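Engineer: the following block contains a protein sequence and its predicted model.
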Amino acid sequence: MTVKMCVENDISIPPVKKRKTSTRIDDAFESQHHFDTKEEQERITSFYPLLDSVITGIDQRFEQETCKTMTAMGKLQSLDIGRDDMRIIANKFKVSLDELEAEVGLLQGYDGSVPKGSTTNTTREWLDWLKESDWSSMFQAFYKSIQCFAVLLVTSCSCERAFSKLAHVKNKLKSTMSQQRLDPLMLLYIEKELASSVKFLNHIIVIKSITPGERRLILKDRKMKKP
């Protein structure tokens, strides 16, 4: 691909330098390898180190325990799961293994239509189905597992986005802002789509209807008089 791009853009490919590395840098000069082509040189000196770095980063970001939990939850949502995978879910989300196994058996024998699959939409369908049928109290272990899995952080992207937005809220001009004020401002900024949909007039009416001594913010209808 690189050679093709160089040919298309009329870029000259430099020849391979076959001179030996100085013994001050590499003591084992007898085992030094000379590349025959530029492609081989770039593959060994650039592509392979980059590939190792990417694989190492993926292994660090996606922990083995998280991958096992995701695999087990996919089987649970499909109602095609063994006891070993149930044990992983029970230990992860602190639910009873025996109760979870019994509830899965009941759902497998249910005559009606239940959601099945291993996608994100299936997780929402399970939560909606259990709420609408009012069976969330009957299948408590199964419902709790689905709930915990729905908010499980697979990567640290959301945390990284929150830290990047922190610089917008608490900048150099607001460096003395207290933590008590910063927390609600960060929540509003991160969830700004949800905050923009709030109808403030309805909330003001509710606050005005509360007894003055019980509400946090006392609204005054009259203007403050100048001294």
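Structural biologist: Received, thanks. Numbering: from 1, shown residues only.
Engineer: how about the helices of the protein, start to end?
Structural biologist: For the chain, helices defined by DSSP state H occupy the ranges 2-8, 38-42, 48-61, 64-77, 83-93, 97-108, 120-132, 140-150, 157-169, 179-190, 192-196, 200-209.
Engineer: could you measure from residue 68 over to residue 74?
Structural biologist: Counting by C-beta to C-beta, to the nearest Å, the gap between residue 68 and residue 74 amounts to 11 Å. Just so you know, the C-beta spots here come from the backbone N, C-alpha and C atoms, and that holds for glycine as well.
Engineer: which of the two has more neighbours?
Structural biologist: Each of residue 68 and residue 74 has its neighbours counted (other C-beta atoms under 10 Å); residue 74 has more, 18 against 15.
Engineer: please tell me I have it right and the more buried one contacts residue 116.
Structural biologist: No. Taking contacts as C-beta atoms under 8 Å, residue 74 lies outside contact range of residue 116: 10.8 Å.
Engineer: that older thread, dump the helices of the chain to CSV, plus distance to residue 15.
Structural biologist: CSV is the format used below for these (distance: least, C-beta to C-beta, whole Å):
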stretch, distance to residue 15
helix 2-8, 13
helix 38-42, 7
helix 48-61, 21
helix 64-77, 45
helix 83-93, 55
helix 97-108, 65
helix 120-132, 51
helix 140-150, 56
helix 157-169, 43
helix 179-190, 54
helix 192-196, 56
helix 200-209, 70
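Engineer: okay, the ones you listed, which one's buried deepest?
Structural biologist: Of all the helices of the chain, helix 140-150 has the most neighbours on average by mean count of other C-beta atoms under 10 Å, namely a mean of 20.
Engineer: let me know the angle separating that helix from helix 83-93.
Structural biologist: Helix 140-150 runs at 70 degrees relative to helix 83-93, counting by axes from the mean of the first three to the mean of the last three C-alpha atoms, to 10 degrees.
Engineer: which elements pack onto helix 140-150?
Structural biologist: Helices and strands touching helix 140-150, as assessed by 3 or more C-beta pairs under 8 Å, 6 or more residues apart in numbering; DSSP states H and E, comprise helix 64-77, helix 83-93, helix 97-108, helix 120-132.
Engineer: now for the longest one, which elements pack on it?
Structural biologist: Going back to what we said before, that points to helix 64-77. Judged by 3+ C-beta pairs under 8 Å, 6+ apart, helix 64-77 is in contact with helix 83-93, helix 120-132, helix 140-150.
Engineer: next: the third one.
Structural biologist: Counting contacts by 3+ C-beta pairs under 8 Å, 6+ apart, helix 97-108 packs against helix 83-93, helix 140-150.
Engineer: could you export those as CSV, including mean pLDDT?
Structural biologist: As requested, the helices and strands packed on helix 97-108 are arranged in CSV below (pLDDT from 0 to 100):
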stretch, mean pLDDT
helix 83-93, 91
helix 140-150, 90
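Engineer: would you turn the ones you listed into CSV with distance to residue 133?
Structural biologist: Converted to CSV, those look like this (distance: least, C-beta to C-beta, whole Å):
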stretch, distance to residue 133
helix 83-93, 21
helix 140-150, 11
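Engineer: just tell me which of the ones you listed ends up closest to residue 53.
Structural biologist: Relative to residue 53, the nearest member of the helices and strands packed on helix 97-108 by C-beta to C-beta is helix 83-93, separated by 29.7 Å.
Engineer: contact partners of the closest one?
Structural biologist: 65, 68-69, 71-73, 75-76, 95-97, 100-101, 104, 141, 144-145, 148-149 (C-beta atoms under 8 Å, 6 or more residues apart in numbering).
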